[in-house]
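> what's the 3D shape of this:
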Amino acid sequence: MKYLINEKYRGNVHYIWCSESFDSKTLSTYASGSLVAPTSNPKDIFLDLRKAVEATDKHNAKINEQISGLSARAVKWEASGEISTADKDDIIYMVNEAAYFKHWRPVLYVIPRAPVESRLKGCN
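Down below sits the predicted model:
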């Protein structure tokens, strides 16, 4: 859903969350990355979202959190003049409409670090 919204209404600019490891459970217990909670572990997030979308689970906590967040952002974007009222209404409709539920499917990027190193923010 975020991909669709950013592509259609935000100038095709995308922000992604990155992790050095797809599954923190596979790391050594002494590696700092192994301390990631299941709610922040990319593999667990991916599997949870995939399962929710396949089952059309409209009560999934992560999806409901995103619905609230994207709706609030749409209002903020409209207020700041970044999008029109019609765009805001479209976004709020899309995130709440069952016909768009398949767009909540997870998107996974595998990105080699070296070519994007200079563009990373918030990484050690």
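> sketch out the low-pLDDT regions of this protein for me.
For the chain, residues meeting the criterion pLDDT under 70 lie at 122-124.
> relative to H103, how far out is N6?
Distance from N6 to H103, counting by Cβ to Cβ, to the nearest Å: 12 Å. Backbone N, C-alpha and C define where each C-beta goes, glycine included.
> residues contacting F46?
106, 108 (Cβ atoms under 8 Å, 6 or more residues apart in numbering).
> N12 in helix, strand or coil?
coil (DSSP: H, G, I helix; E, B strand; the rest coil).
> now do the contacts for it.
N6.
> what's the answer for S21, then?
Listed by Cβ under 8 Å, 6+ apart, the contact set of S21 reads 27, 33, 42.
> show me where this structure has its helices.
With DSSP state H, the ranges of helices along the chain come out as 2-9, 42-54, 61-79, 85-96, 113-116.
> buried set for the first one?
In terms of neighbour count (16 or more other Cβ atoms under 10 Å), helix 2-9 has its buried residues at 2, 5, 9.
> ok, and what's touching stretch 62-77?
Residues outside stretch 62-77 that contact it (Cβ under 8 Å, 6+ apart) are 1-2, 5, 9, 45, 48-49, 52, 57, 83, 87-88, 91-92, 95-96, 104.
> so what's the residue count around the closest residue to R50 other than its chain neighbours?
Leaving aside its chain neighbours, R50 sits nearest to P106 (5.7 Å; criterion: Cβ to Cβ, 6 or more residues apart in numbering). Neighbour count for P106, taken as other Cβ atoms under 10 Å: 15.
> P106 reaches E54, doesn't it?
No. Counting by Cβ atoms under 8 Å, P106 sits too far from E54 to count as a contact (11.0 Å).
> nearest to Y15, out of the helices of the chain?
Counting by Cβ to Cβ, Y15 lies closest to helix 2-9 out of the helices of the chain; the figure is 7.7 Å.
> what's next to that closest one, contact-wise?
Under Cβ under 8 Å, 6+ apart, the answer for helix 2-9 is 12-15, 66, 70, 77, 83, 87, 90-91, 94, 100, 103, 107.
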